[in-house]
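1. A structural model of the following input is requested.
(2 chains)
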Amino acid sequence: MLAAMPPAIELRGLARYFGERTALHDVSLQVPDGATLAVLGRNGAGKSTLLRILAALLRPHAGEVLVFGESLPRRAFAVRGRLGLLAHEPLLYRELTGRENLEYHAALHRVDRGRVDEVLAAVQMERRADEPVRLLSRGMIQRLAVCRAVLHDPALLLLDEPRANLDPAASALVEPLIGRPAGRTRVLTSHDPRAALAEADLVLALKDGRVAYAGEPAGFDDARLQELYA
Amino acid sequence: MRTALVVLRKDLRMEMRTWETVPAMVLLALVTFVIFHFGLNRDTIAGQEAAGVLTATLLFAAMLGVNRLFVAEREQGGFDAFLLAPVDRSAMLVAKAAGLFIFLTALEVIAIPAFKLFLLGPSLGPVLPGLILILVLANVGLAVIGTLVSAIAVHTRARDLIGPVIGLPLLIPALIATARAAGPLFNAGHVSGAPPGKWLAILALYDLVFALLAYAVFDFLLED
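-> Below you'll find the predicted structure:
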């Protein structure tokens, strides 16, 4: 059923290097619209690099990257605004308040200010939204980062360990925004591979920047998982 | 233009909250005037000498602002957030250059009276309109070149070093023009208040060339 949908993401022979080091090598796959791709691998396997390339923040050194049919980075302008990135860094200014940060991003994305109140309410941050970000806990900052990532209602969400620093209650709060109920195409990495597998339609396992497995989660058994993280 | 205003408003708000840049620039200018006052062992200076002291002081104070221009964008993910938005990248050039121009103007509002107090002999009143014109043109050059240099330097590990190393040589022609235009205004006998047109034209041309150059290359400086 997934294969019948038009691909939101298509990678063909993607490669990226940092000097002598191979971050990604010959990565190819398709992610149908509305599907969730879990990217698994040990630290330094190339997961974050892949997400930054999909966000058009990094140039691939070889291969082709298509997002919503647009080739990156050449046609990056056409997909900016249609994707949201939740990275390791919250991409928030520490000296500004949470609300000021979100209003800044709303203005960049030409989103109505009412949407800021809406997302703040969704993660129960209204009461702390007028405090400088530097005074907030990591969990609160992560909730604000989730707000920033979904403020413009992106069709594609790139989630790099989205539940880092969140307790179970906060995880539940952000679920409607970044979880499967949001109905977006998602690419996610997680420090908890089993949790990522549980919500994935597709799996991409990376080992030293190379594809160790690409396919449906059913084919990625415990033995493969243990081998990947060995 | 709308995006540039959004970024500029954010930058000014952050400066007014932290006061990290303008006070440091002002303090450096004031300390430099005091050093010149005692170093030259003169109560007052005038003419080209005064123009040289003022220009050099403003330049070194400006470099502090240049070095800080993109630090928050780099350290707090502002570049990535901006690049993820469907906006023209040149808006950041315009916003940062406008922000630096405002910082320089704020610096001069304090530094020029202080310069008169500590060092300058002749009266400033009659030549003030001419001096303001020179400073506006000089600020445009400093803001544009400073933004360009800062955007290059911020991606390097030695950004505090790279800024002055690249920026100061690029600014030499603009600074010569500024000093030569301002020199006659600081002569005791100067009464017309008008700076030499030739140096103003050179300054304006230099501003225009670097504004076009910055516009042409700035997109590439934001890429990885």
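
2. what about A:Leu177, distance to chain B?
-> 17 Å (C-beta to the nearest C-beta, to the nearest Å). (Glycine included, C-beta is placed from N, CA and C.)

3. now that residue: closest residue in space that isn't a chain neighbour?
-> Leaving out its chain neighbours, the residue that sits closest to A:Leu177 by C-beta to C-beta, 6 or more residues apart in numbering or on different chains is A:Val150, at 4.8 Å.

4. and A:Leu14, bridged to which residues?
-> Going by DSSP bridges, A:Leu14 is paired in beta bridges with A:Val27.

5. show me what contacts A:Phe28?
-> Not quite, residue A:28 is Ser, not Phe. A:Leu11, A:Arg12, A:Gly13, A:Leu14, A:Gly63, A:Val211, A:Ala214 (C-beta atoms under 8 Å, 6 or more residues apart in numbering or on different chains).

6. what sits against the last one?
-> Yep, that's A:Ala214 we're talking about. A:Ser28, A:Leu29, A:Leu202, A:Val203, A:Leu204, A:Ala205.

7. in ChimeraX, how would I select the buried members of those residues?
-> Selection of buried members from the contacts of A:Ala214 for ChimeraX, criterion 16 or more other C-beta atoms under 10 Å in any protein chain shown:
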select /A:29,202,203,204,205
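
8. helices of chain B, start to end?
-> Along chain B, counting by DSSP state H, helices occupy B:2-18, B:22-39, B:47-68, B:71-75, B:78-84, B:90-118, B:128-153, B:159-182, B:197-221.

9. contacts for the second one, please.
-> Meaning helix B:22-39. B:15, B:43, B:45, B:53, B:56-58, B:60-62, B:64-65, B:103-104, B:106-107, B:110-111, B:114-115, B:118-119.

10. buried residues of that helix, list them for me.
-> For helix B:22-39, by 16+ other C-beta under 10 Å, it's B:Val22, B:Ala24, B:Met25, B:Val26, B:Leu28, B:Ala29, B:Leu30, B:Thr32, B:Phe33, B:Phe36, B:His37.

11. stretch B:36-44: end-to-end distance?
-> The first and final residues of stretch B:36-44 sit 10 Å from each other (C-alpha to C-alpha, to the nearest Å).

12. run the chain-centre distance for that stretch.
-> Chain-centre distance of stretch B:36-44: 25 Å, with C-alpha atoms, centre = their mean, to the nearest Å.

13. tell me which of the contacts of A:Ala214 is nearest to B:Gly99?
-> Nearest to B:Gly99 among these: A:Leu204, at 41.9 Å, using C-beta to C-beta.

14. parallel or antiparallel, which strands does the helix or strand containing the closest one pair with?
-> Here A:Leu204 is covered by strand A:202-207, with elements defined by DSSP states H and E. Looking at strand A:202-207 with DSSP bridges, its partner strands are strand A:36-40 (parallel), strand A:210-215 (antiparallel).

15. which other residues reach stretch B:77-87?
-> A:55-57, A:77, A:80-81, A:83-85, A:87, A:89-93, A:105, A:108-109, A:148, B:3, B:7, B:70, B:72-73, B:89, B:92, B:222.

16. other SSEs contacting the longest helix seen in chain A?
-> Ordering each helix of chain A by length in residues (DSSP H) puts helix A:138-150 first. Applying 3 or more C-beta pairs under 8 Å, 6 or more residues apart in numbering or on different chains; DSSP states H and E, one finds that helix A:138-150 contacts strand A:83-86, helix A:98-108, helix A:114-122, strand A:156-160, helix A:168-178.

17. which among the ones you listed is found nearest to A:Leu50?
-> Nearest of the helices and strands packed on helix A:138-150 (C-beta to C-beta): strand A:156-160, 9.0 Å.

18. so how far is the closest one from its chain's centroid?
-> Mean-position distance between strand A:156-160 and its chain equals 2 Å (C-alpha atoms, centre = their mean).

19. what mean pLDDT does that strand have?
-> Averaging pLDDT along strand A:156-160 gives 95.

20. paired strands for it, with orientation please.
-> Assessed with DSSP bridges, strand A:156-160 is paired to strand A:83-86 (parallel), strand A:185-189 (parallel).

21. can I get the longest one in PDB, CA atoms only?
-> Once side chains and other backbone atoms are set aside, the C-alpha atoms of strand A:185-189 remain, and they are given as PDB (Å, rounded to 0.1, in the frame of the first residue of the first chain):
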ATOM      1  CA  THR A 185       5.700  12.400   6.600                       C
ATOM      2  CA  ARG A 186       8.300  11.900   9.200                       C
ATOM      3  CA  VAL A 187      12.000  11.000   9.300                       C
ATOM      4  CA  LEU A 188      13.100  10.300  12.900                       C
ATOM      5  CA  THR A 189      16.100   9.100  14.800                       C
END
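
22. give me the contact list for that strand.
-> Applying C-beta under 8 Å, 6+ apart, the set of residues contacting strand A:185-189 is A:8-9, A:31-40, A:47-48, A:50-51, A:54, A:155-162, A:178, A:180, A:196, A:199-200.
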